[in-house]
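> give me a model of this one.
(one chain, ligands or ions: 1)
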Amino acid sequence: QTKKKMTKTLPRVTILATGGTIAGAGESATKAAYTAGKLSIDILLSAVPQIHDKAQIKGEQIAKIGSQDMSVEVWLKLSKRINEIFEEDSADAIVITHGTDTMEETATFLDLTALSDKPVVLVGAMRASTAMSQDGNKNLLDAVIVAADPNSQGKGVVVAMNELVFDGRDVTKTITTSTSTFDSRNFGPIGLIYDGKVNYYYQSLRNPVKKFDVTKATSLPQVEIIYGYADASPVTVDALLNTNVKGIVYAGMGNGNFNAAVGNSLEKASKKGIIVCRSNRTGSGRTTLFNEVDDAALGFVVGDDLNPQKARILLMLSLMETSDRAKIQTNFFDY
Ligand SMILES: NC(=O)CC[C@H](N)C(=O)O
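You can find the predicted model right below:
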(Lines give C-alpha, C1' and ligand atoms only; values in the text may rest on other atoms or scores of the structure.)
Protein backbone atom coordinates (compact mmCIF):
# COMPACT_ATOMS: atom_id res chain seq x y z
CA GLN A 1 0.00 0.00 0.00
CA THR A 2 2.69 2.52 1.08
CA LYS A 3 4.87 1.48 -1.79
CA LYS A 4 2.05 2.06 -4.24
CA LYS A 5 1.48 5.52 -2.85
CA MET A 6 5.16 6.39 -3.16
CA THR A 7 5.31 5.19 -6.75
CA LYS A 8 2.44 7.50 -7.58
CA THR A 9 4.32 10.57 -6.44
CA LEU A 10 7.51 9.74 -8.32
CA PRO A 11 8.16 11.99 -11.33
CA ARG A 12 7.43 10.50 -14.76
CA VAL A 13 10.58 10.17 -16.86
CA THR A 14 10.51 9.00 -20.47
CA ILE A 15 13.77 7.60 -21.82
CA LEU A 16 14.32 8.08 -25.56
CA ALA A 17 17.02 5.71 -26.80
CA THR A 18 19.14 6.48 -29.87
CA GLY A 19 22.09 4.05 -29.57
CA GLY A 20 25.75 4.77 -28.86
CA THR A 21 28.24 2.99 -26.62
CA ILE A 22 25.76 2.98 -23.75
CA ALA A 23 23.89 0.44 -25.90
CA GLY A 24 27.12 -1.10 -27.18
CA ALA A 25 28.17 -4.71 -26.80
CA GLY A 26 31.59 -6.26 -27.33
CA GLU A 27 33.15 -9.71 -27.30
CA SER A 28 34.48 -9.75 -23.76
CA ALA A 29 35.06 -7.72 -20.61
CA THR A 30 38.65 -6.87 -21.54
CA LYS A 31 38.24 -6.09 -25.25
CA ALA A 32 37.84 -2.42 -26.13
CA ALA A 33 36.27 -3.14 -29.53
CA TYR A 34 32.50 -3.24 -29.69
CA THR A 35 29.51 -2.35 -31.81
CA ALA A 36 27.59 0.77 -30.78
CA GLY A 37 23.80 0.87 -30.56
CA LYS A 38 23.21 -2.88 -30.42
CA LEU A 39 21.11 -3.16 -27.27
CA SER A 40 17.49 -2.11 -27.18
CA ILE A 41 16.02 0.24 -24.58
CA ASP A 42 14.39 -2.67 -22.66
CA ILE A 43 17.77 -4.31 -22.10
CA LEU A 44 19.31 -1.01 -20.97
CA LEU A 45 16.49 -0.46 -18.50
CA SER A 46 16.56 -4.00 -17.13
CA ALA A 47 20.27 -3.59 -16.31
CA VAL A 48 19.53 -0.68 -13.96
CA PRO A 49 16.48 -1.66 -11.87
CA GLN A 50 17.37 1.10 -9.37
CA ILE A 51 15.99 3.72 -11.74
CA HIS A 52 12.47 2.62 -10.79
CA ASP A 53 13.08 3.91 -7.24
CA LYS A 54 13.75 7.36 -8.69
CA ALA A 55 11.03 7.78 -11.30
CA GLN A 56 8.14 6.19 -13.17
CA ILE A 57 10.01 5.10 -16.25
CA LYS A 58 8.85 4.64 -19.83
CA GLY A 59 11.23 3.76 -22.66
CA GLU A 60 11.02 4.47 -26.39
CA GLN A 61 13.43 3.51 -29.14
CA ILE A 62 13.98 6.47 -31.49
CA ALA A 63 17.05 5.14 -33.34
CA LYS A 64 19.76 2.51 -32.93
CA ILE A 65 22.87 4.19 -34.27
CA GLY A 66 26.40 5.15 -33.41
CA SER A 67 26.14 8.91 -33.05
CA GLN A 68 28.62 9.44 -35.90
CA ASP A 69 25.53 8.63 -37.99
CA MET A 70 23.36 11.22 -36.23
CA SER A 71 21.46 13.28 -38.80
CA VAL A 72 19.11 16.22 -39.21
CA GLU A 73 16.38 13.64 -39.77
CA VAL A 74 16.91 12.03 -36.34
CA TRP A 75 17.34 15.44 -34.68
CA LEU A 76 13.97 16.56 -36.05
CA LYS A 77 12.37 13.29 -34.95
CA LEU A 78 13.81 13.67 -31.43
CA SER A 79 12.86 17.29 -31.12
CA LYS A 80 9.31 16.69 -32.34
CA ARG A 81 8.88 13.78 -29.95
CA ILE A 82 10.14 15.85 -26.98
CA ASN A 83 7.76 18.69 -27.78
CA GLU A 84 4.90 16.23 -28.25
CA ILE A 85 5.57 14.43 -24.92
CA PHE A 86 5.60 17.69 -22.97
CA GLU A 87 2.66 19.10 -24.92
CA GLU A 88 0.48 16.08 -24.13
CA ASP A 89 1.91 16.02 -20.58
CA SER A 90 2.85 12.35 -20.67
CA ALA A 91 6.16 12.93 -18.81
CA ASP A 92 7.72 15.39 -16.38
CA ALA A 93 11.22 14.98 -17.78
CA ILE A 94 13.07 13.24 -20.61
CA VAL A 95 16.35 11.33 -20.68
CA ILE A 96 18.01 10.62 -24.03
CA THR A 97 20.56 7.85 -24.36
CA HIS A 98 23.03 8.83 -27.06
CA GLY A 99 26.46 8.10 -28.48
CA THR A 100 29.14 10.46 -27.22
CA ASP A 101 30.72 11.47 -30.56
CA THR A 102 28.02 13.98 -31.49
CA MET A 103 26.23 14.32 -28.15
CA GLU A 104 27.32 17.97 -27.94
CA GLU A 105 25.66 18.73 -31.27
CA THR A 106 22.40 17.06 -30.30
CA ALA A 107 22.54 18.91 -26.95
CA THR A 108 22.82 22.25 -28.76
CA PHE A 109 20.14 21.34 -31.31
CA LEU A 110 17.64 20.29 -28.64
CA ASP A 111 18.56 23.21 -26.37
CA LEU A 112 17.48 25.50 -29.21
CA THR A 113 14.40 23.54 -30.30
CA ALA A 114 12.85 21.91 -27.20
CA LEU A 115 10.09 24.40 -26.44
CA SER A 116 9.30 23.41 -22.84
CA ASP A 117 11.20 24.35 -19.68
CA LYS A 118 11.05 20.77 -18.42
CA PRO A 119 14.29 18.82 -17.96
CA VAL A 120 15.90 17.10 -20.94
CA VAL A 121 19.02 15.13 -20.01
CA LEU A 122 21.43 13.51 -22.46
CA VAL A 123 23.50 10.56 -21.33
CA GLY A 124 25.91 8.05 -22.82
CA ALA A 125 28.88 5.90 -21.96
CA MET A 126 32.49 5.50 -22.95
CA ARG A 127 32.75 1.79 -22.19
CA ALA A 128 30.42 -0.74 -23.79
CA SER A 129 27.88 -2.54 -21.60
CA THR A 130 29.99 -5.71 -21.77
CA ALA A 131 33.25 -4.04 -20.64
CA MET A 132 34.86 -4.22 -17.21
CA SER A 133 33.89 -1.18 -15.08
CA GLN A 134 31.38 -0.15 -17.70
CA ASP A 135 30.11 3.36 -17.04
CA GLY A 136 26.72 3.19 -18.76
CA ASN A 137 24.59 1.81 -15.90
CA LYS A 138 25.77 4.40 -13.38
CA ASN A 139 25.48 7.19 -15.94
CA LEU A 140 21.90 6.13 -16.77
CA LEU A 141 20.90 6.05 -13.10
CA ASP A 142 22.51 9.49 -12.60
CA ALA A 143 20.73 10.90 -15.65
CA VAL A 144 17.36 9.74 -14.27
CA ILE A 145 18.27 11.31 -10.90
CA VAL A 146 19.05 14.59 -12.67
CA ALA A 147 15.88 14.43 -14.78
CA ALA A 148 13.71 13.71 -11.73
CA ASP A 149 15.16 16.55 -9.64
CA PRO A 150 12.92 19.66 -9.50
CA ASN A 151 16.05 21.85 -9.59
CA SER A 152 16.74 20.64 -13.14
CA GLN A 153 13.72 22.58 -14.36
CA GLY A 154 14.57 25.62 -16.50
CA LYS A 155 18.23 24.64 -16.99
CA GLY A 156 17.82 23.95 -20.70
CA VAL A 157 19.12 20.69 -22.14
CA VAL A 158 21.93 19.23 -20.03
CA VAL A 159 24.43 16.38 -20.35
CA ALA A 160 24.92 14.08 -17.33
CA MET A 161 28.09 12.01 -17.59
CA ASN A 162 30.75 10.80 -15.18
CA GLU A 163 28.95 12.27 -12.13
CA LEU A 164 28.96 15.77 -13.67
CA VAL A 165 26.22 17.88 -15.23
CA PHE A 166 27.05 20.19 -18.12
CA ASP A 167 25.02 22.86 -19.86
CA GLY A 168 24.10 21.51 -23.30
CA ARG A 169 25.14 24.75 -24.96
CA ASP A 170 28.69 24.57 -23.66
CA VAL A 171 29.51 20.90 -23.34
CA THR A 172 32.02 19.25 -25.66
CA LYS A 173 33.79 15.90 -26.01
CA THR A 174 37.45 16.52 -25.21
CA ILE A 175 39.16 13.11 -25.02
CA THR A 176 38.76 10.31 -27.57
CA THR A 177 38.54 7.37 -25.17
CA SER A 178 38.33 8.49 -21.54
CA THR A 179 35.26 8.23 -19.27
CA SER A 180 36.02 11.84 -18.23
CA THR A 181 35.74 13.01 -21.83
CA PHE A 182 33.00 15.62 -21.38
CA ASP A 183 33.89 19.13 -20.37
CA SER A 184 32.76 22.64 -20.92
CA ARG A 185 36.09 24.20 -21.69
CA ASN A 186 35.08 27.79 -21.06
CA PHE A 187 32.91 27.33 -18.01
CA GLY A 188 33.10 23.86 -16.36
CA PRO A 189 30.23 21.71 -15.07
CA ILE A 190 27.09 23.32 -13.62
CA GLY A 191 26.34 20.48 -11.20
CA LEU A 192 27.79 17.47 -9.39
CA ILE A 193 26.05 14.12 -8.88
CA TYR A 194 26.86 12.18 -5.75
CA ASP A 195 25.12 9.66 -3.52
CA GLY A 196 21.90 9.67 -5.50
CA LYS A 197 21.52 13.44 -5.71
CA VAL A 198 22.45 16.30 -7.98
CA ASN A 199 23.71 19.59 -6.57
CA TYR A 200 23.81 22.61 -8.85
CA TYR A 201 26.44 25.32 -8.48
CA TYR A 202 26.21 27.47 -11.62
CA GLN A 203 23.66 28.26 -14.29
CA SER A 204 24.26 29.64 -17.74
CA LEU A 205 23.05 33.16 -18.45
CA ARG A 206 23.04 32.29 -22.14
CA ASN A 207 20.20 29.80 -22.20
CA PRO A 208 18.23 30.41 -25.39
CA VAL A 209 16.48 33.77 -25.55
CA LYS A 210 15.09 32.56 -28.82
CA LYS A 211 13.81 29.05 -29.52
CA PHE A 212 13.36 27.63 -33.00
CA ASP A 213 10.14 25.80 -33.69
CA VAL A 214 11.02 22.81 -35.89
CA THR A 215 7.82 20.91 -35.24
CA LYS A 216 6.81 21.30 -38.90
CA ALA A 217 10.28 21.21 -40.46
CA THR A 218 11.27 18.28 -42.67
CA SER A 219 14.82 19.43 -43.45
CA LEU A 220 17.25 22.25 -42.62
CA PRO A 221 19.35 24.51 -44.87
CA GLN A 222 22.70 22.90 -45.68
CA VAL A 223 25.69 24.26 -43.77
CA GLU A 224 29.20 22.86 -44.09
CA ILE A 225 32.30 23.27 -41.91
CA ILE A 226 35.75 23.97 -43.34
CA TYR A 227 38.88 23.62 -41.23
CA GLY A 228 41.69 26.17 -41.26
CA TYR A 229 45.43 25.44 -41.17
CA ALA A 230 48.73 26.92 -42.34
CA ASP A 231 49.01 27.11 -46.12
CA ALA A 232 45.42 25.91 -46.66
CA SER A 233 44.37 26.06 -50.29
CA PRO A 234 41.00 27.53 -51.30
CA VAL A 235 39.81 24.38 -53.10
CA THR A 236 37.48 23.29 -50.30
CA VAL A 237 35.69 26.65 -50.15
CA ASP A 238 35.61 26.88 -53.95
CA ALA A 239 34.02 23.44 -54.15
CA LEU A 240 30.99 24.79 -52.27
CA LEU A 241 30.42 27.90 -54.40
CA ASN A 242 28.12 26.28 -56.95
CA THR A 243 26.24 23.95 -54.65
CA ASN A 244 23.10 24.20 -52.57
CA VAL A 245 25.10 25.14 -49.48
CA LYS A 246 23.53 28.08 -47.66
CA GLY A 247 26.15 28.56 -44.98
CA ILE A 248 29.82 27.89 -44.26
CA VAL A 249 31.30 27.72 -40.78
CA TYR A 250 35.01 28.37 -41.00
CA ALA A 251 36.96 26.71 -38.18
CA GLY A 252 39.68 29.32 -38.36
CA MET A 253 43.10 29.53 -36.79
CA GLY A 254 43.33 31.44 -33.49
CA ASN A 255 40.51 33.99 -33.30
CA GLY A 256 38.90 32.57 -36.46
CA ASN A 257 41.60 33.56 -38.95
CA PHE A 258 42.26 32.33 -42.49
CA ASN A 259 45.00 33.02 -45.00
CA ALA A 260 44.60 35.38 -47.98
CA ALA A 261 43.77 32.66 -50.53
CA VAL A 262 41.02 31.14 -48.38
CA GLY A 263 39.83 34.66 -47.48
CA ASN A 264 39.32 35.50 -51.18
CA SER A 265 37.18 32.42 -51.65
CA LEU A 266 35.17 33.04 -48.47
CA GLU A 267 34.51 36.57 -49.74
CA LYS A 268 33.29 35.10 -53.05
CA ALA A 269 30.97 32.79 -51.11
CA SER A 270 29.65 35.69 -49.05
CA LYS A 271 29.02 37.80 -52.19
CA LYS A 272 27.00 34.88 -53.60
CA GLY A 273 24.73 35.01 -50.55
CA ILE A 274 26.25 32.11 -48.62
CA ILE A 275 26.43 33.08 -44.94
CA VAL A 276 30.02 32.73 -43.73
CA CYS A 277 30.36 32.27 -39.98
CA ARG A 278 33.81 32.46 -38.45
CA SER A 279 34.45 30.03 -35.60
CA ASN A 280 37.80 28.64 -34.53
CA ARG A 281 39.77 25.45 -34.09
CA THR A 282 41.30 26.23 -30.68
CA GLY A 283 38.66 24.40 -28.63
CA SER A 284 37.84 27.29 -26.30
CA GLY A 285 37.31 31.02 -26.10
CA ARG A 286 35.33 33.38 -28.32
CA THR A 287 35.61 34.24 -31.97
CA THR A 288 35.24 38.01 -31.92
CA LEU A 289 34.17 40.56 -34.54
CA PHE A 290 36.79 42.85 -36.14
CA ASN A 291 39.98 41.38 -34.74
CA GLU A 292 42.14 40.84 -37.81
CA VAL A 293 39.18 40.38 -40.14
CA ASP A 294 36.87 43.16 -41.34
CA ASP A 295 33.64 41.19 -40.92
CA ALA A 296 31.42 44.16 -41.81
CA ALA A 297 33.17 44.68 -45.16
CA LEU A 298 33.14 40.96 -45.97
CA GLY A 299 29.60 40.36 -44.73
CA PHE A 300 30.72 37.65 -42.30
CA VAL A 301 29.24 36.76 -38.93
CA VAL A 302 31.08 35.29 -35.93
CA GLY A 303 30.12 32.27 -33.84
CA ASP A 304 31.05 33.88 -30.50
CA ASP A 305 32.14 31.05 -28.14
CA LEU A 306 30.38 28.23 -30.00
CA ASN A 307 32.76 25.65 -31.43
CA PRO A 308 32.40 24.99 -35.18
CA GLN A 309 30.03 22.03 -34.85
CA LYS A 310 27.75 23.95 -32.49
CA ALA A 311 27.94 27.12 -34.62
CA ARG A 312 26.78 25.01 -37.57
CA ILE A 313 23.62 24.01 -35.67
CA LEU A 314 22.70 27.60 -34.83
CA LEU A 315 23.45 28.71 -38.39
CA MET A 316 21.22 25.96 -39.88
CA LEU A 317 18.38 26.91 -37.52
CA SER A 318 18.85 30.64 -38.18
CA LEU A 319 18.86 30.11 -41.96
CA MET A 320 15.55 28.29 -41.64
CA GLU A 321 14.05 31.67 -40.69
CA THR A 322 16.19 34.36 -42.28
CA SER A 323 19.22 35.14 -44.41
CA ASP A 324 19.60 38.58 -42.84
CA ARG A 325 23.18 38.76 -41.56
CA ALA A 326 22.44 41.20 -38.73
CA LYS A 327 19.65 38.98 -37.43
CA ILE A 328 21.86 35.90 -37.68
CA GLN A 329 24.66 37.70 -35.82
CA THR A 330 22.17 38.67 -33.09
CA ASN A 331 21.21 35.00 -32.75
CA PHE A 332 24.87 34.15 -32.07
CA PHE A 333 25.29 36.93 -29.51
CA ASP A 334 22.00 36.09 -27.78
CA TYR A 335 22.61 32.35 -27.43
N1 LIG B 1 31.37 6.43 -26.56
C2 LIG B 1 30.55 6.44 -27.56
O3 LIG B 1 29.34 6.52 -27.42
C4 LIG B 1 31.15 6.37 -28.94
C5 LIG B 1 30.43 5.34 -29.81
C6 LIG B 1 29.93 5.87 -31.12
N7 LIG B 1 30.98 6.32 -31.95
C8 LIG B 1 28.89 6.92 -30.86
O9 LIG B 1 29.15 8.08 -30.74
O10 LIG B 1 27.76 6.56 -30.75
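> helix/strand/coil for Asn83?
Reducing the assignment at Asn83 to three states with DSSP: H, G, I helix; E, B strand; the rest coil gives helix.
> contact partners for it?
Shown in contact with Asn83 (Cβ atoms under 8 Å, 6 or more residues apart in numbering): Thr113, Ala114, Leu115, Ser116, Thr215. Placement of C-beta: from N, CA and C, glycine included.
> now, of these, which are buried?
With burial judged by 16 or more other Cβ atoms under 10 Å, the buried subset of the contacts of Asn83 is Thr113, Ala114, Ser116.
> and the contacts of Asn83, which two are the farthest apart?
Farthest apart among those by Cβ to Cβ are Ser116 and Thr215. That separation is 12.0 Å.
> of the buried ones among the contacts of Asn83, closest to Met126?
Checking those against Met126 by Cβ to Cβ gives Ala114 as the nearest, at 25.1 Å.
> how close does the closest one sit to the ligand?
Using Cβ to the nearest ligand atom, to the nearest Å, Ala114 is found at 21 Å from the ligand.
> surely that residue meets Ser79?
Yes. Assessed by Cβ atoms under 8 Å, Ala114 is found in contact with Ser79 at 6.4 Å.
> neighbours around Met316, how many?
Summarising burial for Met316: neighbours were counted as other Cβ atoms under 10 Å, giving 22.
> quick one: contacts for it?
Going by Cβ under 8 Å, 6+ apart, Met316 touches Val72, Leu220, Pro221, Gln222, Val223, Gly247.
> helix, strand, or coil at it?
Relying on three-state DSSP, one would call Met316 helix.
> which residue packs closest to it, ignoring adjacent ones?
Once flanking residues are discounted, Met316 sits nearest to Leu220: 4.4 Å by Cβ to Cβ, 6 or more residues apart in numbering.
> which residues touch Thr177?
Thr177 makes contacts with Ala32, Met126, as judged by Cβ under 8 Å, 6+ apart.
> so when I look at it, I'm seeing a helix, right?
No. Secondary structure of Thr177 (three-state DSSP): coil, not part of a helix.
> separation between it and the ligand?
Per Cβ to the nearest ligand atom, Thr177 is found 8 Å from the ligand.
> what do you get for Gly59?
Distance of Gly59 to the ligand, computed by Cβ to the nearest ligand atom: 18 Å.
> and what of Ile274?
Remark: distance between Ile274 and the ligand (Cβ to the nearest ligand atom) = 29 Å.
> wait, what's in contact with that residue?
Contacts for Ile274 were tallied using Cβ under 8 Å, 6+ apart; they are Leu240, Leu241, Val245, Lys246, Gly247, Ile248.
> next, give phi and psi for it.
phi -80, psi 130 (degrees, to the nearest 10).
> same question, the one 3 residues further on
For Cys277, the backbone dihedrals (degrees, to the nearest 10) come out as phi -120, psi 120.
> span of stretch 265-285 from start to end?
Length of stretch 265-285, first residue to last, Cα to Cα, to the nearest Å: 26 Å.
> any buried residues in that stretch, and which?
Residues of stretch 265-285 classed as buried: 265-267, 269-270, 274-281 (neighbour count, 16+ other Cβ under 10 Å).
> what's the span of stretch 163-179, first residue to last?
For stretch 163-179, the end-to-end distance is 10 Å (Cα to Cα).
> give me the mean pLDDT for it.
Taken as a whole, stretch 163-179 has a mean pLDDT of 97.
> now stretch 189-208
Mean predicted confidence for stretch 189-208 is 94.
> now do the buried residues in it.
Applying 16+ other Cβ under 10 Å to stretch 189-208 flags Pro189, Ile190, Gly191, Ile193, Val198, Tyr200, Ser204, Arg206, Asn207, Pro208 as buried.
> any chance you could list what contacts stretch 257-272?
226, 228, 230-234, 237-238, 240-241, 248, 250, 252, 276, 291-293, 298-300.
> report the buried members of those residues.
Among the contacts of stretch 257-272, those scoring as buried are 226, 228, 232, 234, 237, 240, 248, 250, 252, 276, 293, 298-300 (criterion: 16+ other Cβ under 10 Å).
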